[in-house]
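S.K.: Requesting a structural model of the entry that follows:
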Amino acid sequence: MFKLKVKDNKHQNIKEQLKLKESPNYSYVITDDKNLVEEDKINIVFNHNHILEMNKVLDLLVKGQDLYINGYNQFGEKRVECRNIHYIISQQDDVFAVLSQTKLIVKMKLYELEELLLDKQFIRVSKYCLVNIGKINYIRSLLNSKLELQMDNGDLCEVNRYYLKEFKEALKL
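M.R.: Got it, this is the predicted structure:
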């Protein structure tokens, strides 16, 4: 699917950073030099300062636009795009995916969902909750170095002190 064309001394390093698997039959040429493009292929020219963004672009090409999660409620089973989920919460023995007006039971563990949604703008904010960063409406400071998040659907989630540093880094605060 991919062919990486960069200077020989950087090839292996960039290949590892991009987690790229090259193939003999490829459609995409990834290069840091516009002189190395191939006319009959799709070319992606990047700057070395944008390696992290390139990872996201390649992820979209390989895995597709979005990830779907299956859940169910009293109406039956439903397949939901992860970008439509506001937050995921574990209560007692069940894990719920909360959408704007719906709450679905998911048959996965919270840590499994965290690994699955790592690159999809979800971050753990407490021992029992994952939040979609794109669905946060307001952030309020609480006592004891905690934060309260008001989600787009009006629900409130709390960022515990233990997860505060990672949360701020994810939001670039």
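S.K.: max-length helix in this structure?
M.R.: Within the chain, and with DSSP state H defining each element, the longest helix by residue count is helix 51-63.
S.K.: Which positions in it come out as buried?
M.R.: Judged by neighbour count (16 or more other Cβ atoms under 10 Å), helix 51-63 contains these buried residues: 54, 58. All C-beta spots, glycine's among them, are computed from the backbone N, C-alpha and C.
S.K.: Surely residue 163 and residue 125 touch.
M.R.: Yes - in this structure, residue 163 sits in contact with residue 125. The criterion is Cβ atoms under 8 Å, and the distance is 5.2 Å.
S.K.: Please enumerate the strands of this protein.
M.R.: Shown for the chain, the strands assigned by DSSP state E span residues 2-5, 28-31, 42-45, 68-73, 76-81, 87-91, 94-98, 103-106, 122-126, 129-132, 136-141, 147-151, 156-159.
S.K.: Check which helices and strands the lowest-mean-pLDDT helix or strand in the chain is in contact with.
M.R.: Least confident helix or strand, the chain: helix 51-63 with a mean of 74, by mean pLDDT, DSSP states H and E. Using 3 or more Cβ pairs under 8 Å, 6 or more residues apart in numbering; DSSP states H and E as the contact criterion, the neighbours of helix 51-63 among helices and strands are helix 8-18, strand 28-31.
S.K.: what about stretch 45-52, how long is it end to end?
M.R.: Its start and end residues considered, stretch 45-52 measures 14 Å (Cα to Cα, to the nearest Å).
S.K.: quick one: contacts of it?
M.R.: In this structure, residues lying in contact with stretch 45-52 by Cβ atoms under 8 Å, 6 or more residues apart in numbering are 14, 17-18, 30-34, 37, 53-54.
S.K.: Kindly reformat those residues as CSV containing distance to residue 47.
M.R.: Conversion of these to CSV gives the following (distance: Cβ to Cβ, whole Å):
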residue, distance to residue 47
14, 12
17, 13
18, 13
30, 12
31, 11
32, 7
33, 11
34, 11
37, 15
53, 9
54, 9
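S.K.: Provide a list of residues in contact with the nearest residue to residue 148 once chain neighbours are set aside.
M.R.: In space, not counting the residues next to it along the chain, residue 148 is nearest to residue 140; the distance is 4.5 Å by Cβ to Cβ, 6 or more residues apart in numbering. Listed by Cβ under 8 Å, 6+ apart, the contact partners of residue 140 are 147-150.
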